[in-house]
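> okay, here's the prediction I keep looking at, along with the sequence it came from:
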Amino acid sequence: MNDKLALPVGTTLDRFIMRKQEEFSYATGELSQLLRDIALAAKIVNREINRAGLLDVTGAYGQQNVQGEDQQKLDVIANIRFIRALRNGGEVCTIISEEEDDIIQTGNHKGKYIVAIDPLDGSSNIDVNVSIGTIFSIYRRVSEQGGNGTMEDCLQEGTRQVGAGYVIYGSSTMLVYTTGHGVNGFTYDPSLGEFFLSHPNITSPKTGSIYSINEGSAASFPEGLKQYVNYCKESGYSARYIGSLVADFHRNLLKGGIYIYPATAKAPKGKLRLMYECNAMAFIVEQAGGKATNGSQRILEIKPTELHERCPLYIGSTEMVDQVEEYLKAEVEVN
Ligand SMILES: O=P(O)(O)OC[C@H]1O[C@](O)(COP(=O)(O)O)[C@@H](O)[C@@H]1O
């Protein structure tokens, strides 16, 4: 899925967005502006994260989100920053956020786009200086412009995404995104306040030797998955699990590997949310030549019914996802 115009490493994000837009005669610039708005909010959130220990913005916020999870102060700050940037940008009519029970109407009735966002992914790692991230999906509204976005606008299948990406706040801060024409990564230079193209046309190795799964829940893994994890161990694969989806996904995307968050006794439908975690990563991995399923069905073809619905996630190098699916299928056939 290579693009027409290969821009050199070091190209600013702004110039990259502009040049890519020129490739599409029908482009109106709104999606480009939306991507810039997300990049701006990411710079602000990056600054807050880097200074978190100095600003007393670590620790719990004292409230729970709709998932019943204790919100961290930085969860709330990131949520406010991204919603503000998307509202002020004017391109987005409605937002779905992990930190908000209901959909957020921005008042931008002319806005063509819906954004589903996990403002801060990897909450358990926020206070311990381990890589965390932001995940976003972009959809075009299906309802007429001129009013608020509807639930029908929000509950679209992942195949209808027009853009998706993540920001990883790690040893360096990167923005990785796709608009359906390949995947590109940009590294943030805080001294210049700019994102620069550092990883053009990211492609996921067809296979790898890294598996990422929280084996703490192994007792309640599906039998087929237990056997696959044993196969990984017998094959001398490396177990790598940071506990931040963005960070585990990013490593495996570049090096080859598989990330799995299955259905478990603690999370019978899996833990990760379809609308603002799984769909975005599935779009990116497929654009990079990888694969994403819930163990049997393509993530992007799952028809959402709820804003915060969860689903199991098997994502990464195609041959590894194919293989674990074989193990899961074999288990079903035996039973
Ligand atoms: O601690 P567990 O159960 O392994 O879950 C870790 C997973 O949950 C998440 O933290 C879920 O995301 P949030 O932090 O946004 O709620 C993923 O980033 C991560 O991969």
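Noted; the coordinates are in hand.
> alpha carbons only for contacts and neighbour counts from here, please
Fine.
> which strand or helix spans residue 71?
Element membership for residue 71 (DSSP states H and E) is strand 70-72.
> er, residue 325 I mean
In the assignment (DSSP H and E), residue 325 maps to helix 318-334.
> for that helix, C-alpha coordinates in CSV please.
The C-alpha coordinates for helix 318-334 follow below in CSV (Å, rounded to 0.1, in the frame of the first residue of the first chain):
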residue,chain,number,x,y,z
THR,A,318,-0.2,-11.9,9.6
GLU,A,319,1.4,-15.4,9.9
MET,A,320,1.3,-15.2,13.7
VAL,A,321,-2.3,-14.2,13.9
ASP,A,322,-3.2,-16.9,11.3
GLN,A,323,-1.4,-19.4,13.5
VAL,A,324,-3.1,-18.6,16.8
GLU,A,325,-6.5,-18.6,14.9
GLU,A,326,-5.6,-22.2,13.9
TYR,A,327,-5.1,-23.2,17.5
LEU,A,328,-8.3,-21.6,18.6
LYS,A,329,-10.2,-23.2,15.7
ALA,A,330,-8.7,-26.6,16.5
GLU,A,331,-10.0,-26.3,20.1
VAL,A,332,-13.5,-25.5,18.8
GLU,A,333,-13.4,-28.5,16.5
VAL,A,334,-12.3,-30.8,19.3
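> for stretch 146-157, buried residues please.
Buried residues in stretch 146-157, counted by 16 or more other Cα atoms under 10 Å: 148-150, 153-157.
> for stretch 35-42, the distance to its chain's centre please.
Its chain's average C-alpha position is 15 Å from that of stretch 35-42, according to Cα atoms, centre = their mean, to the nearest Å.
> contacts for that stretch next, please.
Residues outside stretch 35-42 that contact it (Cα atoms under 8 Å, 6 or more residues apart in numbering) are 14, 81-82, 85-86, 89, 167, 175.
> same thing but 6 Å
81-82, 85 (Cα atoms under 6 Å, 6 or more residues apart in numbering).
> so which residues on the protein come close to the ligand?
Residues of the chain lying close to the ligand by Cα under 6 Å from any ligand atom are 118, 120-123, 214, 243-245, 272.
> helix or strand for residue 247, just tell me which one.
helix 245-255.
> give me the mean pLDDT for that helix.
For helix 245-255, mean pLDDT rounds to 98.
> do stretch 183-203 as well
Mean pLDDT, stretch 183-203: 97.
> just stretch 75-91 next, same as before
Per-residue scores along stretch 75-91 average to 96.
> cool, and stretch 139-149?
For stretch 139-149, the per-residue pLDDT averages 95.
> next, the distance between the ends of it.
Taking Cα to Cα, to the nearest Å, stretch 139-149 runs 11 Å from one end to the other.
> for stretch 58-74, same thing?
Chord length of stretch 58-74, first to last residue, is 7 Å (Cα to Cα).
> buried sites along it?
By neighbour count with 16+ other Cα under 10 Å, stretch 58-74 contains the buried residues 58-59, 70-74.
> please identify which pair of those lies farthest apart.
Maximum pairwise distance among these (Cα to Cα): 12.7 Å, between 58 and 70.
> centre of the chain to the helix ranked longest in the chain, how far?
In the chain, with assignment by DSSP state H, the single longest helix is helix 30-50. On the basis of Cα atoms, centre = their mean, helix 30-50 is displaced by 15 Å from the centre of the chain it belongs to.
> for the record, mean pLDDT for it?
Mean pLDDT, helix 30-50: 96.
> can you convert the contacts of stretch 35-42 into TSV and add a column each for distance to residue 266 and secondary structure?
What follows is the contacts of stretch 35-42, written out as TSV (distance: Cα to Cα, whole Å; DSSP: H, G, I helix; E, B strand; the rest coil):
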residue	distance to residue 266	secondary structure
81	32	helix
82	30	helix
85	35	helix
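> average model confidence for the helix or strand following the helix holding residue 247?
Tracing the chain past helix 245-255, the next element assigned as helix or strand by DSSP H and E is strand 258-261. What strand 258-261 shows for mean pLDDT is 98.
> can you show me the strands along the stretch 101-250 of the chain?
In the stretch 101-250 of the chain, the strands defined using DSSP state E, counting those that start in this stretch lie at 104-105, 113-121, 132-140, 161-169, 173-178, 183-189, 194-199, 210-212, 238-239.
> make a markdown table out of the ones you listed and add mean neighbour count.
Below are the strands of the stretch 101-250 of the chain laid out as a markdown table (neighbours: other Cα atoms under 10 Å):
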| stretch | mean neighbour count |
| --- | --- |
| strand 104-105 | 18 |
| strand 113-121 | 27 |
| strand 132-140 | 25 |
| strand 161-169 | 25 |
| strand 173-178 | 24 |
| strand 183-189 | 22 |
| strand 194-199 | 21 |
| strand 210-212 | 23 |
| strand 238-239 | 15 |
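> tell me which of the ones you listed lies nearest to residue 287.
Between residue 287 and these, the tightest spacing by Cα to Cα is seen for strand 183-189, at 6.3 Å.
> now do the closest one: which elements does it pack against?
For strand 183-189, the elements it packs on are strand 173-178, strand 194-199, judged by 3 or more Cα pairs under 6 Å, 6 or more residues apart in numbering; DSSP states H and E.
> that older thread, angle of the longest helix of the chain against strand 113-121?
Angle, helix 30-50 to strand 113-121, by axes from the mean of the first three to the mean of the last three Cα atoms, to 10 degrees: 20 degrees.
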